[in-house]
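Engineer: curious how this folds, go ahead:
(one chain, ligands or ions: 1)
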Amino acid sequence: ATNRTFTMLKPDAVEKGHIGAILEKISASGFKIVAMKLTQMTTKDAQTFYAIHNERPFFADLVEYMTRGPIVAAVLEKDNAVEDFRTLIGATNPADAADGTIRKLFAVSISENAVHGSDSDENAVIESAFHFSGREMF
Ligand code: CMP
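Structural biologist: Residues are numbered from 1 along each chain as shown. Next up, the predicted model:
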């Protein structure tokens, strides 16, 4: 699993029509898409997916945001996928994100930050399985 990560293009990115531009950047950076779909998380889905944050002050807003419209969920393959993808997306807060990163280019705020990237190989497997069955991953 060390060569795969999980991503979501979040509702703000989809609303603004950035799906194509973000996928282009992901492909150009050497990631292969091995699973992908347009889907919408339910409140229960978002509460479960982000359970680690359920004590944080922004939790309710995070659930509201992530459920307000469709997302693109995808599994990406590349050597060193988790770390390299986090470098490609940039810091959580777009104000701190490096030039050329996806969040620098497409995110508006720390809460509406355009993309998700798994933070560990273990979470990449858990998050991929949350959104995709075995036969949807290639
Ligand atoms: P991400 O790091 O992918 O997962 C947690 C999400 O919570 C984060 O992206 C943001 O979308 C959201 N969030 C909202 N406010 C904050 C905050 N103050 N710090 C970190 N994450 C936040």
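Engineer: which residues touch Leu76?
Structural biologist: The contact partners of Leu76, taken as CB atoms under 8 Å, 6 or more residues apart in numbering, are Arg4, Thr5, Phe6, Thr7, Ile26, Phe31, Lys32, Ile33, Val34, Phe85. (Glycine included, C-beta is placed from N, CA and C.)
Engineer: can you put those residues in CSV and add pLDDT and secondary structure?
Structural biologist: As requested, the contacts of Leu76 are exported to CSV (pLDDT from 0 to 100; DSSP: H, G, I helix; E, B strand; the rest coil):
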residue, pLDDT, secondary structure
Arg4, 98, strand
Thr5, 98, strand
Phe6, 98, strand
Thr7, 98, strand
Ile26, 98, helix
Phe31, 98, coil
Lys32, 98, strand
Ile33, 98, strand
Val34, 98, strand
Phe85, 98, helix
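Engineer: just the buried members of the residues you listed?
Structural biologist: When these are checked for burial by 16 or more other CB atoms under 10 Å, the buried set is Arg4, Thr5, Phe6, Thr7, Ile26, Phe31, Val34, Phe85.
Engineer: before we move on, the earlier item: and the contacts of Leu76, which is closest to the ligand?
Structural biologist: Nearest to the ligand among these is Thr7, at 9.5 Å by CB to the nearest ligand atom.
Engineer: beta partners for that closest one?
Structural biologist: When bridges are called by DSSP bridges, Thr7 pairs up with Ala74, Gly117.
Engineer: that one: what's it in contact with?
Structural biologist: Ile26, Ala73, Ala74, Val75, Leu76, Phe85, Ile89, Val115, His116, Gly117, Ser118.
Engineer: thanks a lot, catch you later.
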